[in-house]
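Novice: Predicted coordinates and the sequence they were generated for:
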Amino acid sequence: MKSIKHICILIFSIMYYTCISQAQDDKTIKGILNKLEEVKEGEVLDVTKAYVIDANEQVIKYKTFKGKWLLIDFWSTGCAPCIKEFPALAKFSKEFNDSINIIAVSVDSKFERYKKSAKKYKINVPHYFGGYTYGNQLFNLNIKIFKTEEGDYVFKTMTPQYVLIDPKGKIVNKNFPKPSSVNFKASLLKALGII
């Protein structure tokens, strides 16, 4: 009889802590949703909430790029299509250097992984770590929120993704063509007002 009582207490305890854990997870998700500020096309970035981190772990505020067009290449270490685009990205960076800043922003979850990959793939444009924090509007440009059939929220980074921002910080296009595509240059020239 004692052992049945102990088993019942054990089962009750497990159920109780599972419920408490689930409630904590729900609070965490709600907390992330509250912090996650989706930045949509047509909106202007808040310069106080937008930054990247360079290879020396220095925080670079968005205002460093403001005043000139900006094309952000969001990439990650495990993304072969991202890595394939680096040479075309570098070519256009050189060609349009006077008109636009072109940067590559890693959405890897760990700084060291970004740093090792940036060196390995010899990225020939200014490259940065996205910071992997939901309070960063530049990082949030790359976040997609999906709701599962069970009603849970899933957050994903989407790579490759190219985002065009005008000199005043307005998000012009969150799905800009990839640099190797046939319409990339024409799209860029049109956005810059050259054609």
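Specialist: Thanks, I have the structure now.
Novice: which stretches of the chain form strands?
Specialist: 51-53, 59-61, 69-75, 100-106, 127-129, 143-147, 153-157, 161-165, 171-173 (DSSP state E).
Novice: Any chance of the ones you listed in a markdown table with mean neighbour count and mean pLDDT as columns?
Specialist: The C-beta positions use only the backbone N, C-alpha and C, and glycine is treated the same way. Listed next are the strands of the chain as a markdown table, based on neighbours: other CB atoms under 10 Å; pLDDT from 0 to 100:
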| stretch | mean neighbour count | mean pLDDT |
| --- | --- | --- |
| strand 51-53 | 22 | 95 |
| strand 59-61 | 14 | 95 |
| strand 69-75 | 25 | 96 |
| strand 100-106 | 24 | 96 |
| strand 127-129 | 23 | 96 |
| strand 143-147 | 12 | 79 |
| strand 153-157 | 13 | 79 |
| strand 161-165 | 23 | 96 |
| strand 171-173 | 16 | 95 |
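Novice: quick one, which of those strands is nearest to G135?
Specialist: strand 51-53 (9.8 Å; CB to CB).
Novice: Report all helices and strands that the closest one contacts.
Specialist: If you count contacts as 3 or more CB pairs under 8 Å, 6 or more residues apart in numbering; DSSP states H and E, strand 51-53 packs onto strand 59-61, strand 127-129.
Novice: Figure out which of those is closest to L141.
Specialist: strand 127-129 (13.1 Å).
Novice: quick one, what contacts the nearest residue to I60 once chain neighbours are set aside?
Specialist: Computed as CB to CB, 6 or more residues apart in numbering, the closest residue to I60 that is not its neighbour in sequence is V52, at 5.1 Å. Taking CB atoms under 8 Å, 6 or more residues apart in numbering as the criterion, V52 is in contact with V59, I60, Y62, I103, V105, Y128, F129, G130, G131, L138.
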